[in-house]
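# Sequence and predicted model, in that order:
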Amino acid sequence: MPGGKAAGVRCVQLTGEYLCALHGTSAKPAVCNGLKPMPEMCGADRGQALDYLDRLERETAPGE
């Protein structure tokens with residue numbers, strides 16, 4: 001996404017199956033390629049993973 005992805009906005013490259021449409025291509029952004037998932041990021045299920053992402057987006061959102 002040019003200029004990055006805003007917090008709370010779904011990535012335009014996310015498929016209906018919640019997979020990255022750019023995975024394995026040279027078009028995948030460096031920030032995505034550098035992401036190394038850890039167990040605490042994924043949790044025990046999808047709900048825990050989404051909770052982690054929500055918290056991360058809140059904690060890193062620019063101040064108003």
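Yep, it's here.

# Could you point out which residue ranges in this protein have low pLDDT?
Scanning the chain for pLDDT under 70 picks out 64.

# can you give me the helices in it?
Taking DSSP state H as the test, the helices found in the chain are 30-33, 39-42, 46-60.

# Which stretch among the ones you listed approaches residue 10 most closely?
helix 46-60 (11.0 Å; Cβ to Cβ). C-beta: built from backbone N, CA, C; applies to glycine.

# circling back to that earlier point, I'd like the helices of the chain as TSV, with mean neighbour count and distance to residue 6 appended.
TSV is the format used below for the helices of the chain (neighbours: other Cβ atoms under 10 Å; distance: least, Cβ to Cβ, whole Å):
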stretch	mean neighbour count	distance to residue 6
helix 30-33	10	14
helix 39-42	10	20
helix 46-60	12	9
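
# Distance to residue 1 added to those helices, as CSV?
Shown next, in CSV, are the helices of the chain (distance: least, Cβ to Cβ, whole Å):
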stretch, distance to residue 1
helix 30-33, 11
helix 39-42, 20
helix 46-60, 14
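
# Among those helices, which comes closest to residue 13?
The nearest among the helices of the chain, by Cβ to Cβ, is helix 30-33 at 8.7 Å.

# what residues does the closest one touch?
Helix 30-33 is contacted by residues 20, 22 when judged by Cβ atoms under 8 Å, 6 or more residues apart in numbering.

# For it, C-alpha coordinates in CSV please.
The C-alpha coordinates for helix 30-33 follow below in CSV (Å, rounded to 0.1, in the frame of the first residue of the first chain):
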residue,chain,number,x,y,z
ALA,A,30,10.4,-5.2,3.0
VAL,A,31,8.4,-4.6,6.2
CYS,A,32,6.4,-7.8,5.5
ASN,A,33,9.4,-9.8,4.5
